[in-house]
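Chemist: no sequence on this one, just coordinates:
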């Protein structure tokens, strides 16, 4: 699985075992996920996630991860556009979303 | 929800939590170093770092990682490196290499470099991965503390703990791994410069390391180790290498080898910056080469006998010159050395032309067919003219030689010197210099044009004629005494016009218009005046003959008159009558025969109708007359041309006609003495000598017999009689006019011309001074001189002494007066 060209999709797994199949390029806006999937050196040294394309987040719930994934695709779809409408964020998820965004380093410029 | 748990945990047993997370991380880091990463989960490791940051103990983590790496170096990395640092390697570094061959040196060097490369690649890869895992550390802590990121801090450890480690080999002064590394790389590059093959990729990797590492963990762009530590040493060692190489070349090779070698080295070093070391060194290493290989011995190479600039120019080594030019341009924006060398060569060759010319004149004054065959002996010329004809040929040859030289340098200029403006100026200056030191250049150039307009252009196409004209203009540009040239050109042009020797009127006009374009209206005004006179005269002649016909008196004996009225100002004085010099001696009119006198009066009367109040002087030396002459049958001859009466049409000068008419009335067998002829004709003596010589000396046209007979020029003691036995194959005979051809002046004539020029210059300088002073009112001496020189530059280069004496003279005549000194310098004031 890891020798051929990597799949265009990866799977994100939540603490409550929800699985989200995401476009790899979309998920890579998170510098943390990007590093996670990297292979380095002439030997292609990599950690488990990079080999399997399956990234588990044992501390993020499915409800939050769903919104994160929605954001990935929202961002990816609109990456070359201007005047994009805001994404709908449910107020009750705000705090947890903020913490997840911090964990995934979604505010840093990459 | 998870997050809230962490916060509460942080408050409780934080040290235990730290140790728990650090243990996990430490073991993962070890696995990473051992390349044993297959079962590690990024998310887990990242979460350990994240937790430690949330525990508010990031500094401890940061320091722990560094400490781990330091001990890793001590245990795992340094020992194999020290193993390959042999005693020999250290001595290579220190510059003393007794007992090691190049092959050995290369082998131990490569071994060392490979170990370093391996260690570096390991370290770099591990640090990248570790830094990724600990990403949250930078995000949550290092950035806020303005501490170097974890990657910078750990990658820099390689510099501090490997490269800067000292080595104390027995007996040798201390050095560092870094020192050995630099020396080994440079040693390898020197091997390549000497022609050995080296592992470029290996060097490139090591250089890459130096480009990745910085002097401090702040990672400032201009503090890469490559820039701070490697490059200076590399440049210095390269300088030593090339200095030695250049010295060797100067000792053992010629300029051509040096040029090629230098160029090759420049290419090599440029390529090396792309393949082996870093491109940022390109400019600096090029500069080292420029200084050591080009600049340091440039003049020595250029002046080498047999291969220096002189030899390159003389042997048309255009490739060498082109390379030389490119090299010189790199080191000297003024091209000083090249400029000098070239100027010297031009002036040398210019003087050489003059010398050859002189030698030709002296060695073969009589044999006419020496070098300049252009003047070929196809026309049987009178022998008395031979020496001067040869001189004329010499003049033509001088012009040709100079132009050839100019062509050669122009070619070099466009082919080798990229049409460099600085060099063009230098070429022009050098040509002007030697041309103006040669005192006959003005005269020779005018003669060159004269010869071409008379015969040279006869069979040439328009394009070829254009080339000739352009050549003349090219040369004219160089001449600084333009007033002298005007004088000569005026004289030569006058002869061409009056004797109708000019091959083509349109080419004459073109020549003048080109001069005008080049030098302005004033320069050519006299020439144009001469043309105008000729044209008006043609109309005048026609009008007159119509007028005469209108008078009705159709006389059998009427004489056809063709007239040229020459305005006195435009034409040279010696042509207008033999009044050379400035002596105002009264002009004497020759005693014209009655018929001619009547004709002259009739024309004058006609002329005055349209031009009132003008005087006409008749110039006997310039006019010609066609006369029909009958030679009688000689008694006692029954065959051959002498047995018949012979009629010839003679074309003679006006004076010649007057003289011949005298013999009309002379009884057979009687002689006329020179004095008698002079008394009867009133022709000035020099003109009379010329006229009689042309009638009595040259065999083909000897209509008078001279006593004593000789081939020498007529003397005032000679006697003459009519040559009844004159025979000629041609019916129309043109009497040659002695001294009428344009040729080089003899010494005396030139002295006269020079005097005349100097005399004229006085007035011109006077005028210039007055003009300047009138507008400036008061002026410092030196400034006045500068202004005068500037104003007259287009005409001639006045001598400073001349200007000074003219100023004195003007003060004497009260045009100027001495003023109070301005700033302590003497000054003059204009007197209105």
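Modeler: Sure thing, it's come through. Quick caveat: nothing in here was measured; it's all calculated off a predicted structure.
Chemist: ranges for the helices of chain A?
Modeler: A:24-27, A:31-36, A:48-52, A:62-77, A:94-103 (DSSP state H).
Chemist: stretch B:294-304: which residues count as buried?
Modeler: B:294, B:295, B:296, B:297, B:298, B:299, B:301, B:302, B:304 (16 or more other C-beta atoms under 10 Å in any protein chain shown). Glycine gets a C-beta too; all of them are placed from N, C-alpha and C.
Chemist: what sits up against it?
Modeler: The contact list for stretch B:294-304, computed with C-beta atoms under 8 Å, 6 or more residues apart in numbering or on different chains, reads B:243, B:246-247, B:250, B:254-255, B:258-259, B:262, B:308-311, B:324, B:327-328, B:330-332, B:337-338, B:341.
Chemist: Provide a ChimeraX selection command restricted to the buried entries of the residues you listed.
Modeler: The following ChimeraX line selects those of those that are buried, judged by 16+ other C-beta under 10 Å:
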select /B:243,246,250,254,255,258,259,262,308,309,310,311,324,327,328,330,331,332,337,338,341
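Chemist: so for stretch B:765-775, what gets flagged as buried?
Modeler: Neighbour-count burial for stretch B:765-775, with 16+ other C-beta under 10 Å as criterion, is recorded at B:765, B:766, B:768, B:769, B:772, B:773.
Chemist: residues of chain A that sit close to chain B?
Modeler: A:15, A:31-32, A:35-36, A:38, A:40-41, A:43, A:45-51, A:55-61, A:96, A:99, A:103, A:105, A:108 (C-beta under 8 Å from any C-beta of the partner chain).
Chemist: give the contact list for residue B:235.
Modeler: Applying C-beta under 8 Å, 6+ apart, the residues near residue B:235 are B:281, B:284, B:285, B:288.
Chemist: how about the buried residues of stretch B:294-304, which pair is most distant?
Modeler: Comparing all pairs in the buried residues of stretch B:294-304 by C-beta to C-beta, the longest separation belongs to B:295 and B:304, at 16.2 Å.
Chemist: measure residue B:227 to residue B:210 for me?
Modeler: 9 Å (C-beta to C-beta, to the nearest Å).
Chemist: so between the two, which is more surrounded?
Modeler: Higher neighbour count among residue B:227 and residue B:210: residue B:210, with 25 against 19, using other C-beta atoms under 10 Å in any protein chain shown.
Chemist: show me what contacts that one?
Modeler: Shown in contact with residue B:210 (C-beta under 8 Å, 6+ apart): B:224, B:225, B:226, B:229, B:230.
Chemist: just to revisit the earlier point, so which of the buried residues of stretch B:294-304 comes closest to chain A?
Modeler: residue B:294 (43.3 Å; C-beta to the nearest C-beta).
Chemist: quick one: low-confidence residue ranges for chain A.
Modeler: Within chain A, the segments meeting pLDDT under 70 span A:1-5, A:41-44, A:108-110.
Chemist: grab the nearest non-local neighbour of residue B:41.
Modeler: residue A:48 (4.7 Å; C-beta to C-beta, 6 or more residues apart in numbering or on different chains).
Chemist: give me the number of neighbouring residues for the one you found.
Modeler: When neighbours are defined as other C-beta under 10 Å, residue A:48 has 18 of them.
Chemist: now do the helices in the stretch 551-700 of chain B.
Modeler: All helices of the stretch 551-700 of chain B, identified by DSSP state H, counting those that start in this stretch, fall at B:573-576, B:594-610, B:654-664, B:674-681, B:685-696.
Chemist: out of those helices, which comes closest to chain A?
Modeler: helix B:573-576 (91.5 Å).
Chemist: could you point out which element follows the lowest-mean-pLDDT helix or strand in chain B?
Modeler: Across the helices and strands of chain B, mean confidence by mean pLDDT, DSSP states H and E is lowest for helix B:2-11: a mean of 44. Later in the chain than helix B:2-11, the nearest helix or strand by DSSP states H and E is helix B:14-33.
Chemist: contact partners of the helix or strand that that next one is followed by?
Modeler: Counting by DSSP H and E, the element after helix B:14-33 in chain order, helix or strand, is helix B:42-54. Helix B:42-54 has contacts (C-beta under 8 Å, 6+ apart) with A:32, A:35-36, A:47-50, A:55-59, A:103, B:6-7, B:10, B:17-18, B:21-22, B:24-25, B:28, B:58, B:60-61, B:132-137, B:140-141.
Chemist: and helix B:42-54 with helix B:14-33, angle?
Modeler: For helix B:42-54 against helix B:14-33, the angle by axes from the mean of the first three to the mean of the last three C-alpha atoms, to 10 degrees is 140 degrees.
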